[in-house]
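**Q** Predicted model and sequence follow; I will ask about them next.
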Amino acid sequence: MPDKIAYAAGERIPRHIAIIMDGNGRWARKRGLPRTAGHAAGSEVFRKIAYACRDLGVEHLTVYAFSTENWKRPSDEVATIMKLLNKYLHESIETMARDHIRLRVMGDLNGLSPELRALVHETDEISATYEGFQANVCINYGGRDEILRAARRYAADYAADPSVALDEARFSAYLDSAGIPDPDLLIRPGGEQRISNFLLWQCAYAEFYFTDVLWPDFTVDELKKAIAVFQQRDRRYGKVKTT
């Protein structure tokens, strides 16, 4: 079905796209390679898709790179993912200002190494110096964990000042995504049709797009295909269709 829908350049481009980068291990297994090779291939696809989103007029891209549950994976696979993150952060520090790509890491940073936390802090400082497209990388992230951490932060503020009233806008400010618009479009490659504890609060009104394409095979054309489907969606936010 999506193949028959044409992408319309510049029309109803999602302001924020979220992607669950799924299928790296299966991609590698199909080729007789270790799972780590799939993650390496997937990291290069992320780079290409980030630049494509920037060029298409998307303002934010948020990707699910490593969940709070992924620590249960084999130690060599976890180590490879952390090395790839380290490599990406170092490269970003050198290129993000030139390429006008801001970077933000979301998740429980306390679970990362001191070196990675220092690199995240450095990218935050660089990102604060200019405006433009922003890539958000969720690492050691889980939607439920994020909500719990936000609730604890609010509880601490409330204990200090009980006049701090709580509504959706205020609670959103305690989330990792504070200041970032909610996703308009959630893309999941890899054939699974679930959101796997990703951006549970933020995706309340996101449009979902599922595809069997494995993440390392996900191309700019596949991105445009997903946006084309989004462009056909009628987003009513609970209202009745008027036409």
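**A** In hand now; what should we look at? Numbers count the residues shown, from 1 in each chain.
**Q** Residue ranges in this structure under the pLDDT threshold?
**A** 1-4, 10, 237-243 (pLDDT under 70).
**Q** remind me, longest helix of it?
**A** helix 75-99 (DSSP state H).
**Q** What is that helix packed up against?
**A** helix 35-56, strand 60-67, strand 101-106, helix 114-127, strand 133-141 (3 or more CB pairs under 8 Å, 6 or more residues apart in numbering; DSSP states H and E). (Glycine included, C-beta is placed from N, CA and C.)
**Q** Outside of the third one itself, list whatever touches it.
**A** Counting by CB atoms under 8 Å, 6 or more residues apart in numbering, strand 101-106 makes contact with 50-51, 54, 62, 89, 92, 95-96, 120, 123-124, 126-127, 130-139, 141, 146, 176-177, 180, all of which sit outside it.
**Q** Buried ones from these, can you make that a PyMOL selection?
**A** Filtering the contacts of strand 101-106 down to the buried ones (16 or more other CB atoms under 10 Å) takes a single PyMOL command:
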select buried, resi 50+51+54+62+89+92+96+120+123+127+133+134+135+136+137+138+139+141+146+176+177+180
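**Q** and of the helices and strands packed on helix 75-99, who's closest to Glu207?
**A** Closest approach to Glu207 among the helices and strands packed on helix 75-99 (CB to CB): strand 60-67, 14.5 Å.
**Q** send the alpha carbons of that closest one over as PDB?
**A** C-alpha atoms of strand 60-67 as PDB (Å, rounded to 0.1, in the frame of the first residue of the first chain):
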ATOM      1  CA  HIS A  60      13.600  16.900  15.400                       C
ATOM      2  CA  LEU A  61      14.600  13.300  14.900                       C
ATOM      3  CA  THR A  62      14.500  11.100  18.000                       C
ATOM      4  CA  VAL A  63      15.900   7.500  17.800                       C
ATOM      5  CA  TYR A  64      15.800   4.600  20.200                       C
ATOM      6  CA  ALA A  65      19.400   3.500  20.400                       C
ATOM      7  CA  PHE A  66      19.600   1.600  23.700                       C
ATOM      8  CA  SER A  67      16.900   0.800  26.100                       C
END
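**Q** Just checking the distance from that strand to the centre of its chain.
**A** Centre-to-centre, strand 60-67 and its host chain are 2 Å apart (CA atoms, centre = their mean, to the nearest Å).
**Q** Repeat that for stretch 125-142.
**A** On CA atoms, centre = their mean, the centre of stretch 125-142 falls 10 Å from that of its chain.
**Q** What of stretch 203-210?
**A** Relative to its parent chain, stretch 203-210 has a centroid offset of 13 Å by CA atoms, centre = their mean.
**Q** List the contacts of the nearest residue to Thr80 once chain neighbours are set aside.
**A** Residue nearest to Thr80 in three dimensions, not counting chain neighbours: Thr36, with 4.1 Å by CB to CB, 6 or more residues apart in numbering. Each residue near Thr36 by CB under 8 Å, 6+ apart is listed here: 28, 76-77, 80.
**Q** export those residues to a markdown table and tack on neighbour count and distance to Asp234?
**A** What follows is the contacts of Thr36, written out as a markdown table (neighbours: other CB atoms under 10 Å; distance: CB to CB, whole Å):
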| residue | neighbour count | distance to Asp234 |
| --- | --- | --- |
| Ala28 | 21 | 39 |
| Asp76 | 11 | 46 |
| Glu77 | 17 | 41 |
| Thr80 | 20 | 42 |
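**Q** from those residues, which two are the most distant?
**A** The span of the contacts of Thr36, defined through CB to CB, is set by Ala28 and Asp76 at 12.8 Å.
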